[in-house]
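*Asks:* What follows is a predicted protein model with its sequence.
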Amino acid sequence: MDAHVITPEEYEDLPEMTDEMFARTVFKKAGRPKSPNPRQMISLRLPPEVIARWKATGPGWQTRMAERLAQAPLPRPRKEG
């Protein structure tokens, strides 16, 4: 269904917004809800061919890359000295 477009003549029929009406207004934030476990931004340099291979898997490649990294075994800490 197409949205109705208000004509200039219809604006005259609209009531003025009063302070009382404004006080009852509820503002809702748009967008995604806040995550209890938000992701963190990092900078990581990868070879272009690695990025191209992941991008070739289609939309959502960043999520799939993160999931694969999460499944990978952690390297052993290096011994110093």
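*Replies:* Perfect, I can see it now. Residues are numbered from 1 along each chain as shown.

*Asks:* In this protein, where's the longest helix?
*Replies:* Of all segments of type helix in the chain, defined using DSSP state H, the longest is helix 61-71.

*Asks:* Going by neighbour count, which residues of that helix are buried?
*Replies:* The neighbour-count check on helix 61-71 (16 or more other C-beta atoms under 10 Å) flags Met65 as buried. For every residue, glycine as well, the C-beta is placed using N, CA and C.

*Asks:* Averaged pLDDT, that helix. What do you get?
*Replies:* Helix 61-71 carries an average pLDDT of 94.

*Asks:* How about stretch 27-37?
*Replies:* For stretch 27-37, the mean pLDDT works out to 86.

*Asks:* How far does that stretch sit from its chain's centre?
*Replies:* Offset of stretch 27-37 from its chain centre (C-alpha atoms, centre = their mean, to the nearest Å): 10 Å.

*Asks:* Also stretch 67-81?
*Replies:* Worked out by C-alpha atoms, centre = their mean, stretch 67-81 lies 29 Å from the chain centre.

*Asks:* Use 414 as the first number from now on
*Replies:* Sure, I'll start numbering at 414, so the last one becomes stretch 480-494.

*Asks:* if we look at that stretch, which residues are touching it?
*Replies:* Under the contact criterion C-beta atoms under 8 Å, 6 or more residues apart in numbering, stretch 480-494 has no outside partners.

*Asks:* Using PDB, write down the CA coordinates of that stretch.
*Replies:* What follows is stretch 480-494, C-alpha atoms only, in PDB (Å, rounded to 0.1, in the frame of the first residue of the first chain):
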ATOM      1  CA  GLU A 480      33.100 -17.600  14.200                       C
ATOM      2  CA  ARG A 481      36.000 -19.500  12.600                       C
ATOM      3  CA  LEU A 482      38.500 -17.500  14.700                       C
ATOM      4  CA  ALA A 483      36.500 -18.300  17.900                       C
ATOM      5  CA  GLN A 484      36.700 -22.000  17.100                       C
ATOM      6  CA  ALA A 485      40.500 -22.000  16.400                       C
ATOM      7  CA  PRO A 486      42.700 -23.400  19.200                       C
ATOM      8  CA  LEU A 487      44.700 -20.700  21.000                       C
ATOM      9  CA  PRO A 488      48.500 -20.700  20.500                       C
ATOM     10  CA  ARG A 489      50.700 -21.500  23.400                       C
ATOM     11  CA  PRO A 490      52.200 -18.600  25.100                       C
ATOM     12  CA  ARG A 491      55.800 -17.900  24.000                       C
ATOM     13  CA  LYS A 492      58.500 -18.600  26.500                       C
ATOM     14  CA  GLU A 493      60.700 -15.600  27.000                       C
ATOM     15  CA  GLY A 494      64.400 -15.700  27.400                       C
END
